[in-house]
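Participant: Please work out how this folds:
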Amino acid sequence: TRKESSAASDVYKRQVINPKAVPLSQLYGALDRISQEWTEGVLAKTFRDCATQSGAGKIRQWIVVDGPVDTLWIENMNTVLDDNKMLCLMNGDIISMPEKMNMIFEVSDLSKASLATVSRCGMIYMQSDIIHWWALLQSLSLIHICRCRRLLTC
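Facilitator: From the prediction side, this is the model:
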């Protein structure tokens, strides 16, 4: 899914991907054994598009990876998460992550992630019994109020 901000001072695009919704070959990409043609995967294409658009310096790009952690797909993100900030694909392409591009991993647990992956991430843990429905409602109300104020001041 895609969401865009309309405020001139806060221009961003958000792409949400569930990594377990497609096979690994469709997530990063795969080489066709017969034609030897590379087909780019959903995450690789999204990463490339976001890197290109945010590299121009106009729009902040957010990729939200929302789904369960699997050792196969998360380990391929280690080069993105370390100081290199590059996505390395199996066809040899390397896509750099510009300064105006961010990634968020929204997961329920990290039991399938290696220590190398976990050590590269900043963690925010929220217990479900602490966060009540009214907190979400209050946050949505504040967002709505801020948007209305922006419209009134324009």
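
Participant: after the helix or strand bottoming out on mean pLDDT in the chain comes which helix or strand?
Facilitator: Least confident helix or strand, the chain: strand 2-4 with a mean of 52, by mean pLDDT, DSSP states H and E. For strand 2-4, the following helix or strand on the C-terminal side (DSSP states H and E) is strand 12-17.

Participant: what about that following strand, distance to the chain center?
Facilitator: For strand 12-17, the distance from its own C-alpha centre to the chain's C-alpha centre is 7 Å (C-alpha atoms, centre = their mean, to the nearest Å).

Participant: and what of stretch 48-59?
Facilitator: 14 Å.

Participant: Then stretch 66-75?
Facilitator: That offset, for stretch 66-75, works out to 12 Å (C-alpha atoms, centre = their mean).

Participant: Ok, stretch 89-99 next?
Facilitator: For stretch 89-99, the distance to the chain centre is 15 Å (C-alpha atoms, centre = their mean).

Participant: got a list of contacts for it?
Facilitator: 28-31, 38, 40, 44, 47-48, 51, 54-55, 80, 85-88, 103 (C-beta atoms under 8 Å, 6 or more residues apart in numbering). Just so you know, the C-beta spots here come from the backbone N, C-alpha and C atoms, and that holds for glycine as well.

Participant: which among those residues end up buried?
Facilitator: Neighbour-count burial (16 or more other C-beta atoms under 10 Å) is assigned, among these, to 28-30, 38, 40, 44, 47, 51, 54-55, 80, 85, 87, 103.

Participant: Return the subset of the residues you listed lying in strands.
Facilitator: Members of these lying in strands (criterion: DSSP state E): 29, 30, 38, 40, 87, 103.

Participant: can you list those residues in TSV and add distance to residue 123 and pLDDT?
Facilitator: Formatted as TSV, these follow (distance: C-beta to C-beta, whole Å; pLDDT from 0 to 100):
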residue	distance to residue 123	pLDDT
29	29	94
30	31	94
38	34	93
40	30	95
87	21	94
103	14	90
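
Participant: can you tell me which of those residues lies nearest to residue 125?
Facilitator: Closest to residue 125 out of those is residue 103 (18.0 Å), distances taken as C-beta to C-beta.

Participant: Let me see the contact set for residue 20.
Facilitator: 67, 68, 70, 73.

Participant: how near is it to residue 97?
Facilitator: 22 Å (C-beta to C-beta, to the nearest Å).

Participant: All good on my end, thank you.
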